[in-house]
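1. sequence plus the predicted model coming up.
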Amino acid sequence: MTDAANTDRWIRWLNTVQLVIAGVLIMAPTVWMVLSSFKPSFEVTAYPPTLIFSPTLDNYVELTRTTPFLSYALNSLIVTVGSTALGLLFGIPAAFAVSWTRISWPAILTLAARMAPGTLFLLPWYVMFRQVGMIGSYTALILSHAVITLPIVIWVLLPSFDGIPRSVFEAAQVDGCSVTRILWRIALPLVASGVAVSAILAFVFSWNYFLFALVLSNGDTKTLIAAAFNFIGEGSTQWGALMAAATLIALPPLVLAALVQRWLVSGLTLGAVKG
Amino acid sequence: MASISIRNLTKRYGNFTVIPDLNLEIADHEFVVFVGPSGCGKSTLLRIIAGLEPISSGDLYIGDKRVNGVQAAQRDIAMVFQDYALYPHMRVYDNMSFALELRGTPKAEIEARVKRAAALLHIEPYLDRKPKELSGGQRQRVAMGRAIVRNPKAFLFDEPLSNLDAKLRGQVRAEIKALSQQLKTTMVFVTHDQIEAMTMADRIVVLQNGTIQQYDTPETVYERPANQFVAGFIGSPAMNFFPVEWRQERAVLSQGRTVVPLDGETAGHLSKAGNAVLGIRPEHFAVAADAADGIAIDVKLVEPLGSDTLIHFDLAGGSAIARVDPALRPKVGDRITLRPQPGKTHLFDAANGQVLR
């Protein structure tokens, strides 16, 4: 066997090992969580963990019986859909404007906002929303979650807009289009998959975001993820119900990602190469 | 349909001046070609007319209206782009009807105009296709169709043939020329290809460094170039240039002692100037039978083109080309005597390149 063939074999083997390690690290907690949600409550924390057990839906029944789970789910949906819509409403024109004018600082500013820890916003928001009596309102939650969704929309769409040849926009100008019309009639249809991807990512990130809802919501507007946190330590922790809740919370983003997996990859790489 | 008038136009990018101070009048119905090397400002000038680039100073009129601050969308200009710039998500029909739809043209009229333009450009079978389903030539036609359905004040073409292969380029060139004669609309065409400029234009604007070197008919630009730049740019192969001096009542190449037989008028100009640059087009050499009648050269390279044969030779420290009859069947190393055709030579000022007449 030649040296080159040997090297290739080693690289393939190392790749496989890396994939297995990464897969175990990512999948093990998920599998454990899902399996635990179907275990009888006394087996959830058993040590060593049991792999063979009689599956039961008791934890799910317990969850819906003892908590307003559906109400929390509805809150999550309202906040997530609202903040995603808000992110798209402002993010699409913002990304187009940055691409059109080639002035990039607004996009960098939003990215910096996304990178900053949530606590940076939390205190000022809490004070401001309290002063206007909005603590615990959907509006406050949707507005705060827009900090998550807006940068995602802008940064996913920016390369997509940049990928459209400038001459296409110029042709539209010469044809009689205003800038706004160019956005709606020409640019937006051309970045439709990018819009879908940015919407999905914004949805997932907003759905999973925990901190703002923990502080800015109240009993009526609490989102699933904030509610799940409260399951811990309310008297004795109901681990089985908590696992069931975590499984249900993780379900929408996972299903969404699985459904649009191919689209997601193509949408994220859109604009990297001009057609 | 409208005239275009550019008065004292300047275009700057920061401290860099692309077009210093340009004046140009394009008559209504005229087909004008901007030609020049890369970076000469021809595309910038076209984009300024279209409204895609702002003017730094000066005035631009389309018809009687000053359009300096008028948006591209309001100028009623149609433009064909180098990369065609078709709307990828729209069918050919929608690409062509889009501008009319924006102007609120009734549907029936839109349909009639699109179909008429499609018939003119032979693209009727493709009206339901998307641009990605078309060949380069078909896309080019759609881009033209998108322009002509509108009946605009002027058509602007920004190197629209540069992405086509040589055969298709010749075909589309002829089609655009025929179209201009049918439509009778003001047309401005940008190219770096002097053959396109010569074959299509009513008048050619030869540009260098943002300044007009010559603005005249193709025949005049070819036969009576205003300066050495124009003489060298228009014509293929390019004009040969030789520094010459007037010595002992004769024109002599500055390097060496070769005497160049010149006609009386050219010799007169040289005698006044003392020295100059002599320009002779490759096709304006005649082969002389007698060595005493011309310039003896040694053939260095032969390029048979079928209709003509190009011979390369060294003269006065540089290389030169002559276009000769293929029947001559020259071979590398042959000694041939060439004589400039009377009345076909050009003299340029050695200092500033301006023609001496």
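-> Right, received. Where do you want to start? The structure displayed is predicted, hence computed values, not measured ones. Numbering: from 1, shown residues only, chains lettered A, B, ... in the order given.
2. tell me where the stretch 251-357 of chain B has strands.
-> B:275-280, B:285-288, B:295-304, B:309-315, B:318-324, B:335-340, B:345-348 (DSSP state E, counting those that start in this stretch).
3. mind putting those strands into JSON lines with mean neighbour count and distance to residue A:77?
-> In short, each C-beta sits where N, CA and C put it, glycine included. Rendered in JSON lines, the data for the strands of the stretch 251-357 of chain B read as follows (neighbours: other CB atoms under 10 Å in any protein chain shown; distance: least, CB to CB, whole Å):
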{"stretch": "strand B:275-280", "mean neighbour count": "23", "distance to residue A:77": "80"}
{"stretch": "strand B:285-288", "mean neighbour count": "18", "distance to residue A:77": "85"}
{"stretch": "strand B:295-304", "mean neighbour count": "15", "distance to residue A:77": "76"}
{"stretch": "strand B:309-315", "mean neighbour count": "19", "distance to residue A:77": "77"}
{"stretch": "strand B:318-324", "mean neighbour count": "19", "distance to residue A:77": "78"}
{"stretch": "strand B:335-340", "mean neighbour count": "19", "distance to residue A:77": "88"}
{"stretch": "strand B:345-348", "mean neighbour count": "25", "distance to residue A:77": "80"}
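4. run a quick neighbour tally on the residue in the stretch 251-357 of chain B that chain A sits nearest to.
-> Residue nearest to chain A within the stretch 251-357 of chain B (CB to the nearest CB): residue B:353, separated by 35.6 Å. Close neighbours of residue B:353, defined as other CB atoms under 10 Å in any protein chain shown, add up to 17.
5. repeat for residue A:212
-> If we define neighbours as other CB under 10 Å, then residue A:212 has 25 of them.
6. you'd agree it is up against residue A:142?
-> No. Contact between residue A:212 and residue A:142 fails when scored by CB atoms under 8 Å: they sit 10.0 Å apart.
7. poorly predicted segments of the chain, please.
-> The chain I'm using is chain A. For chain A, applying pLDDT under 70 flags the ranges A:1, A:233-236, A:264-275.
8. sorry, I should have been clearer: chain B.
-> B:1.
9. need the residues of the stretch 1-150 of chain B near chain A, please.
-> B:50-52, B:71-75, B:77-79, B:81-83, B:85-89, B:98-99, B:102-103, B:132, B:146 (CB under 8 Å from any CB of the partner chain).
10. rerun at 6 Å
-> B:50, B:52, B:72-73, B:79, B:81, B:83, B:85, B:89, B:98-99, B:102 (CB under 6 Å from any CB of the partner chain).
11. nearest to residue A:59, of those?
-> residue B:89 (48.7 Å; CB to CB).
12. so what's that closest one closest to, chain neighbours aside?
-> Leaving aside its sequence neighbours, residue B:89 sits nearest to residue A:189 (CB to CB, 6 or more residues apart in numbering or on different chains; 4.5 Å).
13. so which helix or strand takes in that neighbour?
-> Using DSSP states H and E, residue A:189 maps to helix A:188-190.
14. what's that helix in contact with?
-> By CB atoms under 6 Å, 6 or more residues apart in numbering or on different chains, the residues outside helix A:188-190 that reach it are A:164, B:89.
15. recalculate using a threshold of 8 Å.
-> Outside helix A:188-190, the residues that touch it by CB atoms under 8 Å, 6 or more residues apart in numbering or on different chains are A:92, A:160, A:164, A:168, A:195, B:88-89.
16. out of the residues you listed, who has the most neighbours?
-> Tallying neighbours with other CB under 10 Å puts residue A:160 at the head of the contacts of helix A:188-190, with 26 neighbours.
17. what's the first helix or strand after the helix or strand hosting it?
-> Element membership for residue A:160, per DSSP H and E: helix A:138-163. Using DSSP H and E, the helix or strand that follows helix A:138-163 in sequence is helix A:166-175.
18. which parts of that following helix count as buried, going by neighbours?
-> For helix A:166-175, burial by neighbour count (16 or more other CB atoms under 10 Å in any protein chain shown) applies to A:167-175.
19. dump it to PDB, restricted to CA.
-> Only the C-alpha atoms of helix A:166-175 are listed here, as PDB (Å, rounded to 0.1, in the frame of the first residue of the first chain):
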ATOM      1  CA  ARG A 166     -26.300  44.700  -9.100                       C
ATOM      2  CA  SER A 167     -27.300  45.100 -12.700                       C
ATOM      3  CA  VAL A 168     -30.600  43.300 -12.000                       C
ATOM      4  CA  PHE A 169     -31.500  46.100  -9.600                       C
ATOM      5  CA  GLU A 170     -30.300  48.700 -12.000                       C
ATOM      6  CA  ALA A 171     -32.300  47.200 -14.800                       C
ATOM      7  CA  ALA A 172     -35.400  47.500 -12.500                       C
ATOM      8  CA  GLN A 173     -34.500  51.100 -11.800                       C
ATOM      9  CA  VAL A 174     -34.300  51.900 -15.500                       C
ATOM     10  CA  ASP A 175     -37.600  50.000 -16.000                       C
END
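20. gap between it and the chain center?
-> Computed by CA atoms, centre = their mean, to the nearest Å, the chain-centroid distance of helix A:166-175 equals 35 Å.
21. other SSEs contacting that helix?
-> Helix A:166-175 is packed against strand B:77-80, helix B:92-102, with contacts defined by 3 or more CB pairs under 8 Å, 6 or more residues apart in numbering or on different chains; DSSP states H and E.
22. make CSV from the strands of the stretch 251-357 of chain B and add distance to residue A:29 to it.
-> Below are these laid out as CSV (distance: least, CB to CB, whole Å):
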stretch, distance to residue A:29
strand B:275-280, 82
strand B:285-288, 86
strand B:295-304, 75
strand B:309-315, 77
strand B:318-324, 77
strand B:335-340, 88
strand B:345-348, 83
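23. could you dump those strands into CSV and include distance to chain A?
-> As requested, those are exported to CSV (distance: least, CB to the nearest CB, whole Å):
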stretch, distance to chain A
strand B:275-280, 38
strand B:285-288, 44
strand B:295-304, 37
strand B:309-315, 38
strand B:318-324, 38
strand B:335-340, 46
strand B:345-348, 39
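24. of those, which is nearest residue A:222?
-> For residue A:222, the closest of the strands of the stretch 251-357 of chain B is strand B:295-304, at 84.6 Å, according to CB to CB.
25. got the angle between the closest one and strand B:318-324?
-> Relative orientation of strand B:295-304 and strand B:318-324, computed by axes from the mean of the first three to the mean of the last three CA atoms, to 10 degrees: 70 degrees.
26. direction included, what does strand B:295-304 pair up with?
-> strand B:309-315 (antiparallel), strand B:335-340 (antiparallel) (DSSP bridges).
27. columns distance to residue B:205 on top of these, output as JSON lines?
-> Below are the strands paired with strand B:295-304 laid out as JSON lines (distance: least, CB to CB, whole Å):
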{"stretch": "strand B:309-315", "distance to residue B:205": "29"}
{"stretch": "strand B:335-340", "distance to residue B:205": "29"}
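28. just list whatever residues bridge to the nearest residue to residue A:174 once chain neighbours are set aside.
-> In this structure, residue A:174 finds its nearest non-sequential neighbour in residue B:79, 4.6 Å apart by CB to CB, 6+ apart. Counting by DSSP bridges, residue B:79 is bridged to residue B:156.
29. residues contacting the residue in the stretch 1-150 of chain A that chain B sits nearest to?
-> The stretch 1-150 of chain A approaches chain B most closely through residue A:100 (12.9 Å), counting by CB to the nearest CB. For residue A:100, the contact set (CB under 8 Å, 6+ apart) comprises A:161, A:169, A:179.
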